[in-house]
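Asker: Give me the fold of what follows.
(one chain, ligands or ions: 1)
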Amino acid sequence: MRDLGVCYYPEQWDKVLWKQDAERMAEAGLSWVRIGEFSWSRLEPEAGNLHWDWLDDAIECLGSAGLKIILGTPTATPPRWMLDKYPDMLAVDEQGNKRKFGSRRHYCFSHEGYRDESKRIADLMGRRYGTNPHIAAWQIDNEYGCHDTILSYSDAARKAFQIWLKQRYIHIEALNEAWGNVFWSMDYEEFGQIDLPNLTVTEPNPAHCLAFRRFSSDQVVSYNQAQAQILRRHSQAPLIHNYMGRITEFDHYAVGKDLDIASWDSYPIGFLSDRLEAEPEHKKRFLRQGDPDFQAFHHDLYRTVGKGRWWVMEQQPGPVNWAPYNPAPLPGMVRLWSWEAFAHGAQTVCYFRWRQAPFAQEQMHSGLLRPDGEAAQGLYEACQVAKELDDLQKKQSLAPIQAQKNKVALLFDYVSQWAWDIQPQGADFDYFRLTFEAYKALRQLGLSIDIVPPDADLSDYALILAPGLLTLDDVKHETIKGTSLYGPRSGLKTKDLSIALPLGPNLADLECKVVMSESLPSSADQELSVGGAITGWLEHLETDAPVHIATKEGHPIMVGKEGQYYLAGWPDEQGWQAILSELCQQAGLAVTAMPQGVRQCQNQGLRFLFNYNDHPVSFDGITLPAAGVHWQS
Ligand code: GAL
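Answerer: Predicted coordinates for the structure are as follows:
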């Protein structure tokens, strides 16, 4: 069963509105309501003085209207009194400045006192509502990592980092060796001497930085795990976290292992303006629609993080307030985004938020209702989706969702993101962008994709892409039966970010060494003989393997045999098309050249088509209106 929901903040509204809000939600066809995740100051206005009454009433009121409740632990918003108790609980930025109270996420993941407070409030909530029949799911915290909040250079972090290092390396000599601390006399005599890698005179050791990134991610995992364990003692309801788009500072797969459902917050127009590298022409074309692949990428990622169970917890309903520009969605886009999530296997899509708040930071952020309580455009489209879902599910029971179901796998790895953040070796090298461009190219060929971690079982895939992987140590090569492509920059380093020796990628069946890498400005693009070009990153190979694709000047770019290939450069859009067309043919995958801005997704025996354009497009005998969605068996 697929359904819809909405995010609601009873503490922000007069109690007299609750009942009518709840009834209107139910009438609109919404089944879920998420509450509570920022409510700590109203639940516990002073330390130990708990005010449950209003939350009891809100739960009763929403639940009685037939809504299922997702109750959030409020740990993303520690109240002001907490700082008097723990003045050192604030995160510290790379420049050594303490972050301040007055917004949210102002805590350091390593602060033991705050960790205890988080467990305490989760325990209190679990005890009070764990068996409440209206509580059908829990959300832990809110958007780990949003507002740049994973890395903290606090005293608490330094102490915890030293302990973490000791557990990982055991002997200080092993750490010195693994990091190459003989260089610049950086040897340590004991773990207690190791500081955090900020404020050094010139760049710190990349191995030191990567260790700090791994540690910081582990802190998020254990912080989340502590709340998860507590809630499980009191409640059978599934546990969820809402991840945010293109936040990569912690390992989402690892957090997901402790939870039942993965969800993410989808703001397509905000993302296009705020966190996507694209030509101005592209940003103009999709200004009111969002990028045609960015949401799908995250849907396919969170399907894996959630082991098949995933939601959109916050869906953009109209203009947001936080991007450089905040246009209104083209009419029909709220519906399109919702359907695209269902096409990729989402169980539930919740809109953010019910009524636009006339006060505080997000007063310019739309809701399904305007600030005066009248319906906004988003509500009409949500109602339409509710009705369409209902109609479709009456005709066709949508089968259980599979975590992995497609023929193409794209490996996506958080550690590689950290490694290339630390050592881009050129102004433009970004791991997410590399992986996302490969994903886009696959979608332009009409393919449906699974995004999986490096250690996934790859036996069901006809085609596997592994760009930019720090190491190949975790890849289950023995499971691979299909065609695989590694690189650029895959398998060339150790886990401590030193150059691998013998030189990588060290693929068992492929004689090939990367002997030199160049980063290049776009003025030095290398044209490929098959069309397109290599842009930004070029590797030099020593190999006897057959060369399948080369630059016009004869520099080998794609080499390999018997289904295993290495890619020695970063292709542009046309280059990816040439490479993938050849690989898909080998892998026996049928491809469809999709018209610009039109995407398809096959799922549950249905084929969905989405038109991200602001004009109609005819394709395959179907005319899709602007922002159109079409499905057929
Ligand atoms: C999300 C966040 C919400 C709200 C929303 C606004 O990142 O989880 O609380 O701030 O953005 O778009």
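
Asker: who in the protein is up against the ligand?
Answerer: Residues of the chain found near the ligand (CB under 6 Å from any ligand atom) are Asn142, Glu143, Cys146, Met244, Asp265, Tyr267, Glu314, Val320, Trp322, Phe352, Glu362, His365. The C-beta positions use only the backbone N, C-alpha and C, and glycine is treated the same way.

Asker: SS state for the third one?
Answerer: It refers to Cys146. coil (DSSP: H, G, I helix; E, B strand; the rest coil).

Asker: Please report the number of neighbouring residues for it.
Answerer: 17 (other CB atoms under 10 Å).

Asker: burial count for the residue nearest to it when sequence neighbours are not counted?
Answerer: Spatial nearest neighbour of Cys146, excluding adjacent residues (CB to CB, 6 or more residues apart in numbering): Met244 at 4.8 Å. Met244 has 20 neighbours, counted by other CB under 10 Å.

Asker: Who are the contact partners of Met244?
Answerer: By CB atoms under 8 Å, 6 or more residues apart in numbering, the contact set of Met244 is Glu143, Gly145, Cys146, Trp264, Asp265.

Asker: same for the longest helix belonging to the chain, what does it pack against?
Answerer: Using DSSP state H to define each element, the chain has its longest helix at helix 206-234. Secondary structure elements in contact with helix 206-234, counted by 3 or more CB pairs under 8 Å, 6 or more residues apart in numbering; DSSP states H and E, are helix 112-129, helix 155-169, helix 172-179, strand 239-244, helix 252-256, helix 414-422.

Asker: Would you tell me what the next helix or strand after the shortest one is?
Answerer: When you say that, I think you mean helix 252-256. Next in sequence after helix 252-256, counting helices and strands by DSSP states H and E, comes strand 261-266.

Asker: List the contacts of that following strand.
Answerer: 137, 139, 143, 238-245, 252, 256, 295, 298, 302-303, 305-307, 309-316, 337, 341, 347, 352.

Asker: Gln574 - how many residues pack around it?
Answerer: The tally of other residues near Gln574 (other CB under 10 Å) stands at 15.

Asker: before we move on, what about Arg115?
Answerer: Around Arg115 sit 21 other residues, with neighbours defined as other CB under 10 Å.

Asker: wait, what's in contact with the residue of the stretch 451-600 of the chain at minimum distance from the ligand?
Answerer: Closest approach between the stretch 451-600 of the chain and the ligand, counting by CB to the nearest ligand atom: Ile451, at 21.1 Å. Contacts for Ile451 (CB under 8 Å, 6+ apart) come out as Phe297, Asp300, Leu301, Arg303, Thr304, Ala409, Leu410, Leu411, Phe412, Tyr439.

Asker: Would you mind giving the residues you listed as TSV with secondary structure and neighbour count added?
Answerer: Below are the contacts of Ile451 laid out as TSV (DSSP: H, G, I helix; E, B strand; the rest coil; neighbours: other CB atoms under 10 Å):
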residue	secondary structure	neighbour count
Phe297	helix	23
Asp300	helix	26
Leu301	helix	26
Arg303	helix	25
Thr304	helix	22
Ala409	strand	26
Leu410	strand	23
Leu411	strand	27
Phe412	coil	30
Tyr439	helix	25
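
Asker: so which two of those are the farthest from each other?
Answerer: Largest separation among those by CB to CB: Arg303 and Leu411, giving 14.8 Å.

Asker: How about Lys405: what's its closest non-neighbour residue?
Answerer: Leaving aside its sequence neighbours, Lys405 sits nearest to Asp450 (CB to CB, 6+ apart; 6.9 Å).

Asker: How about Val221?
Answerer: Nearest non-adjacent residue to Val221 (CB to CB, 6+ apart): Ala254, at 4.8 Å.

Asker: Contacts only, for that neighbour.
Answerer: Residues near Ala254 by CB under 8 Å, 6+ apart: Ser217, Asp218, Val221.

Asker: Throw the contacts of Ile451 into a markdown table and include pLDDT, thanks.
Answerer: What follows is the contacts of Ile451, written out as a markdown table (pLDDT from 0 to 100):
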| residue | pLDDT |
| --- | --- |
| Phe297 | 98 |
| Asp300 | 97 |
| Leu301 | 98 |
| Arg303 | 96 |
| Thr304 | 97 |
| Ala409 | 98 |
| Leu410 | 98 |
| Leu411 | 98 |
| Phe412 | 98 |
| Tyr439 | 98 |
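
Asker: just checking, what's the longest strand in the protein?
Answerer: Assignment by DSSP state E gives strand 533-543 as the longest strand of the chain.

Asker: So which bits of that strand are buried?
Answerer: Buried residues in strand 533-543, counted by 16 or more other CB atoms under 10 Å: Ala533, Ile534, Thr535, Gly536, Trp537, Leu538, Glu539, Leu541, Thr543.

Asker: quick check, Arg71 in a helix?
Answerer: In this structure residue 71 is Leu, not Arg. No - read with three-state DSSP, Leu71 is strand and lies in no helix.

Asker: ok, it to the ligand distance?
Answerer: Counting by CB to the nearest ligand atom, to the nearest Å, the gap from Leu71 to the ligand is 15 Å.

Asker: do the same with Lys394
Answerer: Lys394 sits at a distance of 33 Å from the ligand (criterion: CB to the nearest ligand atom).

Asker: residues near that residue, how many?
Answerer: The local packing of Lys394 (other CB under 10 Å) involves 8 other residues.

Asker: still on that earlier bit, reformat the buried residues of strand 533-543 into TSV and put pLDDT next to each item.
Answerer: Formatted as TSV, the buried residues of strand 533-543 follow (pLDDT from 0 to 100):
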residue	pLDDT
Ala533	98
Ile534	98
Thr535	97
Gly536	97
Trp537	98
Leu538	98
Glu539	98
Leu541	98
Thr543	97
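
Asker: and of those, the nearest to Ser416?
Answerer: Ser416 lies nearest to Trp537 out of those, by CB to CB, at 14.0 Å.

Asker: Grab the nearest non-local neighbour of the closest one.
Answerer: Take Trp537 and drop its neighbours on the chain: the residue closest to it by CB to CB, 6+ apart is Trp570, 4.0 Å away.

Asker: Which helix or which strand is home to the one you found?
Answerer: Per DSSP H and E: strand 569-571 holds Trp570.

Asker: contacting residues around whatever residue of the stretch 51-200 of the chain ends up closest to the ligand?
Answerer: At 4.6 Å from the ligand, Glu143 is the closest residue in the stretch 51-200 of the chain, using CB to the nearest ligand atom. For Glu143, the contacting residues are Ala76, Arg105, Asn242, Tyr243, Met244, Ile247, Asp265, by CB under 8 Å, 6+ apart.

Asker: Among those, the buried ones, what's the ChimeraX command?
Answerer: Remark: buried members of these, expressed as a ChimeraX selection using 16+ other CB under 10 Å:
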select :76,105,242,243,244,247,265
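
Asker: May I see the contacts of Glu143 organised as JSON lines, with distance to Thr435 and pLDDT added?
Answerer: Converted to JSON lines, the contacts of Glu143 look like this (distance: CB to CB, whole Å; pLDDT from 0 to 100):
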{"residue": "Ala76", "distance to Thr435": "28", "pLDDT": "98"}
{"residue": "Arg105", "distance to Thr435": "26", "pLDDT": "98"}
{"residue": "Asn242", "distance to Thr435": "22", "pLDDT": "98"}
{"residue": "Tyr243", "distance to Thr435": "16", "pLDDT": "98"}
{"residue": "Met244", "distance to Thr435": "17", "pLDDT": "98"}
{"residue": "Ile247", "distance to Thr435": "15", "pLDDT": "98"}
{"residue": "Asp265", "distance to Thr435": "20", "pLDDT": "98"}
